[in-house]
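1. Dropping a prediction and its sequence here:
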Amino acid sequence: MSADDPYAPLPPPIWEKYPRAVPAVAVGIATALLTLFMFPPFHAPELAYVFAAPAMFWAYRKPSLRIYVWTLFAAQSVAWIGILIWLRHVSWVGLLLLGPLVGVWVGVWYLAVWWAMPRMRGQPHGIRLAAQLGLAGLWVVLEWTRTWFITGFPWLPLAASQWQRTVVLQIAAYTGAGGVSFVLIAVNIGFAAYAHRLFFEKGAGFKRRSQEFMLGVFLLLGCLCLFFRDGPNRRFVAPLARVAFIQPDIPQSVKWEPGEADSVVRTLYGLTLLAGQVQPDFMLWPESALPVELNLNAPGQDRQIVDYIDRQAKSPLLFGAEAEKDDRWYDAAFVATPEGGVQPGYYAKRHLVPFGEYVPWHWLFGWVKKVVPIGDDATPGPEVQEPLAVPLRNSTAVLEAGPLICYEDVFPSLARESVRMGAQALVVLTNDAWYGEEGAAYQHAAHSVLRAVETRRPVLRDGNAGWSGWIDEFGSFSTGEEDEGQSGRSTILADKGSVYFRGERTISILHDIRWAGRQTFYVRHGDWFVLVCVALAVFGYWIVRTPAPAPLRKKEPLEI
């Protein structure tokens, strides 16, 4: 028959020609996009309630393990390359290695989904709910392993997607951020279970209700109740300090050039003097603000630079600088006062950046120094360090500040230990200018929101180029000046609304007196919830593995 014969049979639709590929492609695209857009800098945190539902719904239909694994691993790898795309400003190789690594790490959880979801179908309520809690618990355990395995990279746990939704975050004061992730996963399972029941299971009316969905809603309502019970209350708000945030916006291309040192110092000098005109209680410089190292063995011209600037500004200064002592160098934070200059006590960064500040496992990766200009390895500070005492200019009070340098605020244990040592506020000094003017600063700031809620301490953030501002004990902040003088919570923005700019701003920091001197349940007991999640995951596996999967009905054709 001729090819242009109008009566020639039409080719079969693509979904009939490739029956296995269509659901795989649909689920893969949906999972990758939902995972990408639920995190900052995008403003769609509600996607975190459904991001895993398509893969769960597909798992109910018992697809091929090989196709399921490749689909979800590929989707997660693509999503995390997109999430970490700002890393290309430092290293394309690093991006293409780290993105898939985190994607596969997260994707391992979907193997448990593939195994558990079909076995939940048609089982009694108790077994299905146990499996739901077990899967949610397993997610939390996998997130926890990211805080320490292979030096640790807990960037953007699922809870960070809710950094602008403080209602659901308050459970973190009891469970840590893992509690928020647990609830979100439980809701995802609830949506997938409800959808499967509506489309593929018999029954009508209330017989189609899903206990998994009801449990997810119940946990979400529990978070809401905690917000109304423990949330912000204007009656308990009191002033803490007026702080000047100095954001020098020094490009990385000139920051450490010897010929640019004078220009960097002049920028710091001009912004600091401008900030000092409004007489703040103290001022902040970001991480490694000085273009020279401080010599901790013998004070010299390096300290004289800070002393002179501070005397002119007439306010105490908490600043970041690289420091050298006994042939070792540290990424550190110091306090300087107009009367006494740079104080002898300092904070040394505890968690260093692998392949940035040191090379881990020299026996395996020592060759990296030959191709990447890393320099000498930095020395980490001790795990337990006292807060830095910052005298306030306009009172006799002293603020006990718990510094967190660079990306240390992504590690819950470091913030927790600072509060246990007596920190009244957490101060994040960072330099996100390495990563361009994209999503890195927003993603980084999301972790500070979690640390504020977990510890019930205000978090002050000062970045070289942004995100600078402060977050209250309940994770709240604003994106403008409309609430200045009322709540005090604020993000420092340029005239065009960007966090990336050079400038300074003085903000009145407030605190909730209910938490002055008190420690949250999470600060006192640490990662107890992870142990609960381990138990839930083990119990869920034990109770689900015994019953055989329910047989498919005739109206439920087995796909893939």
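-> Yep, it's here.
2. Three-state assignment for residue 292, please.
-> coil (DSSP: H, G, I helix; E, B strand; the rest coil).
3. And for the nearest residue to it once chain neighbours are set aside, the neighbour number?
-> Ranked by CB to CB, 6 or more residues apart in numbering and with sequence neighbours excluded, the top spatial neighbour of residue 292 is residue 302, at 4.9 Å. Glycine gets a C-beta too; all of them are placed from N, C-alpha and C. Here the number of neighbours of residue 302 (other CB atoms under 10 Å) works out to 19.
4. just checking, what packs against the helix or strand hosting residue 303?
-> Here residue 303, judged by DSSP states H and E, is contained in helix 301-313. Judged by 3 or more CB pairs under 8 Å, 6 or more residues apart in numbering; DSSP states H and E, helix 301-313 is in contact with helix 261-276, strand 294-295, strand 317-325, strand 328-337, strand 341-348.
5. what's the single longest helix in this protein?
-> helix 92-120 (DSSP state H).
6. Okay, buried residues for that helix please.
-> 95, 98-100, 102-103, 105-107, 109-120 (16 or more other CB atoms under 10 Å).
7. What's the first helix or strand after it?
-> That would be, after helix 92-120 and using DSSP H and E, helix 125-145.
8. Mind checking the pLDDT average for that next one?
-> Mean pLDDT, helix 125-145: 96.
9. so what's residue 485 scoring on pLDDT?
-> 39.
10. The one 3 residues further on too?
-> On pLDDT, residue 488 comes in at 37.
11. Same question for residue 367.
-> Per-residue pLDDT puts residue 367 at 59.
12. same thing with the one 10 residues further on?
-> Predicted confidence (pLDDT) at residue 377: the value is 79.
13. what about it, neighbour count?
-> 15.
14. didn't it look like it was pressed against residue 355?
-> No - in this structure, residue 377 is not within contact of residue 355 by CB atoms under 8 Å, at 10.7 Å.
15. The helix or strand hosting residue 510 pairs with which strands, parallel or anti?
-> Residue 510 belongs to strand 503-512 when assigned by DSSP H and E. Strand 503-512 pairs in its sheet with strand 237-247 (antiparallel), by DSSP bridges.
16. Tell me the buried residues in the strand it pairs with?
-> Applying 16+ other CB under 10 Å to strand 237-247 flags 237, 240-247 as buried.
17. chain center to it, what's the gap?
-> From the chain centre to the centre of strand 237-247 is a distance of 24 Å (CA atoms, centre = their mean, to the nearest Å).
18. Repeat that for stretch 291-304.
-> 34 Å.
19. Put the alpha carbons of that stretch into CSV.
-> Backbone C-alpha positions of stretch 291-304 (Å, rounded to 0.1, in the frame of the first residue of the first chain) are rendered in CSV as follows:
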residue,chain,number,x,y,z
PRO,A,291,42.4,41.0,52.9
VAL,A,292,45.3,40.0,55.2
GLU,A,293,45.7,37.3,57.9
LEU,A,294,45.8,38.2,61.5
ASN,A,295,49.0,37.0,63.2
LEU,A,296,47.9,35.4,66.5
ASN,A,297,51.5,35.1,67.7
ALA,A,298,52.6,38.7,67.5
PRO,A,299,50.1,41.6,66.9
GLY,A,300,51.1,43.8,64.0
GLN,A,301,49.9,46.0,61.3
ASP,A,302,47.1,43.6,60.5
ARG,A,303,45.4,44.4,63.8
GLN,A,304,46.2,48.0,63.6
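20. Which residues does it contact?
-> Outside stretch 291-304, the residues within contact range by CB atoms under 8 Å, 6 or more residues apart in numbering are 255-256, 260-261, 264-265, 290, 305, 321-326, 329, 332, 334, 341-342, 346.
21. Check stretch 136-143 too.
-> 105-106, 108-109, 112, 154, 157-158, 178-179, 181-183, 185-186, 189, 529-530, 532-537, 540.
22. gap between stretch 443-460 and the chain center?
-> With CA atoms, centre = their mean as the basis, the mean position of stretch 443-460 lies at 9 Å from the chain mean.
23. Buried residues in that stretch, which are they?
-> Buried, per 16+ other CB under 10 Å, within stretch 443-460: 443-460.
24. quick one: low-confidence ranges for the stretch 101-250 of the chain?
-> 202-208 (pLDDT under 70).
25. cutoff 90 now
-> For the stretch 101-250 of the chain, the stretches flagged by pLDDT under 90 are 120-125, 149-152, 197-210, 228-235.
26. again, but for the stretch 401-550 of the chain
-> In the stretch 401-550 of the chain (pLDDT under 90), the answer is 432-434, 436-438, 465-466, 476-501, 545-550.
27. Please enumerate the helices of it.
-> For the stretch 401-550 of the chain, the helices defined by DSSP state H, counting those that start in this stretch occupy 412-420, 440-455, 521-525, 528-545.
28. Can you convert those helices into CSV and add a column each for distance to residue 476?
-> Below are the helices of the stretch 401-550 of the chain laid out as CSV (distance: least, CB to CB, whole Å):
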stretch, distance to residue 476
helix 412-420, 17
helix 440-455, 9
helix 521-525, 18
helix 528-545, 23
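29. of those helices, which approaches residue 277 most closely?
-> helix 440-455 (27.1 Å; CB to CB).
30. Tell me which other helices or strands the closest one touches.
-> Looks like helix 440-455 contacts helix 166-169, helix 172-175, helix 177-200, helix 412-420, strand 425-430, strand 459-463, strand 469-471, helix 521-525 (3+ CB pairs under 8 Å, 6+ apart).
31. Would you tell me which of these gets closest to residue 38?
-> In terms of CB to CB, the element of those nearest to residue 38 is helix 177-200, at 9.3 Å.
32. And for the closest residue to residue 335 other than its chain neighbours, the neighbour number?
-> Distances taken as CB to CB, 6+ apart put residue 343 closest to residue 335, at 4.7 Å, once the chain neighbours are dropped. Residue 343: 15 surrounding residues under other CB under 10 Å.
33. Check the one 3 residues further on too.
-> A total of 20 residues lie near residue 346 under the criterion other CB under 10 Å.
34. On the strand side of things, show who it bridges to.
-> residue 334.
35. And it, how close does it get to residue 339?
-> 18 Å (CB to CB, to the nearest Å).
36. do the same with residue 404
-> 27 Å.
37. Quick check on those two: which one has the bigger neighbour count.
-> A count of neighbours by other CB under 10 Å puts residue 404 above the other of residue 404 and residue 339, at 30 against 10.
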